[in-house]
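>>> Let's see this in three dimensions:
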Amino acid sequence: NVVASRAAKMDNNEGRQVTYGILLMCLYVFSDSFTSTLQEYLFRTYDLSVANQMFYVNVTSSMVSFVLMIVLGELRSAFTFVFETPRVLWDTSFLSISAVCVQYAITHTVRKFGALTYVTIMTIRQIISVVLSNLAFGHHLSLLQWSCSFSVFGALIFQKLYSRRKSQGTPS
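Next comes the predicted model:
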């Protein structure tokens, strides 16, 4: 009975972790869906440059991260890790430089072409990534997963074509 009760506890804990993970993923998707639209709004409303917007976003992000590390009691262990593993500074610097380059490209795309174009580009990138993963690593998607992927892609393409036709004044 001890083994059975321990297994039941593990299953219950695992179920809570899965639920928590799904909740976090939904929160991420919900929050991320506003990012490019909010960036486009800020560009139109305040006439910010790409560099200004990146600066304000990154300063805010750094402050939130710093406060969370203090609140969660992780600041000391983070600094200890960096001092004990100096090589991590090179790795994080490379990662940061890469992130800045990507962030600049994303922000510039949103400013110049709009949020819908950016979302379309990212969707195409995700579909290519899925196809390459299937080919290179033997991952397989079900028919339902493929259908959902292509329906999202199709809806974005339709919306892009519709908005282009509407902006050109072509009757529907």
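>>> mind checking the longest helix of this protein?
helix 2-46 (DSSP state H).
>>> elements contacting that helix?
Here helix 2-46 is seen to pack against helix 50-71, helix 87-113, helix 115-137 when contacts are counted using 3 or more CB pairs under 8 Å, 6 or more residues apart in numbering; DSSP states H and E. No exception for glycine: its C-beta is placed from N, CA and C like everyone else's.
>>> Determine which of the ones you listed approaches residue 25 most closely.
Nearest to residue 25, of all those, is helix 115-137, at 14.9 Å by CB to CB.
>>> as a whole number, average confidence for the closest one?
Per-residue pLDDT over helix 115-137 has a mean of 82.
>>> what's in contact with it?
Residues from elsewhere that reach helix 115-137 (CB atoms under 8 Å, 6 or more residues apart in numbering): 36-37, 39-40, 106, 109-110, 139-141, 149-150, 152-153, 156-157, 159-160, 163.
>>> give me that answer again for 7 Å
By CB atoms under 7 Å, 6 or more residues apart in numbering, the list of residues contacting helix 115-137 from outside reads 36-37, 40, 106, 109-110, 139-141, 149, 152-153, 156, 159-160, 163.
>>> now for these, which pair is the farthest apart?
The widest separation within the contacts of helix 115-137 (CB to CB) is 36.7 Å, between 40 and 140.
>>> Would you mind listing where this structure has pLDDT under the threshold?
Within the chain, the stretches with pLDDT under 70 are 1-11, 169-172.
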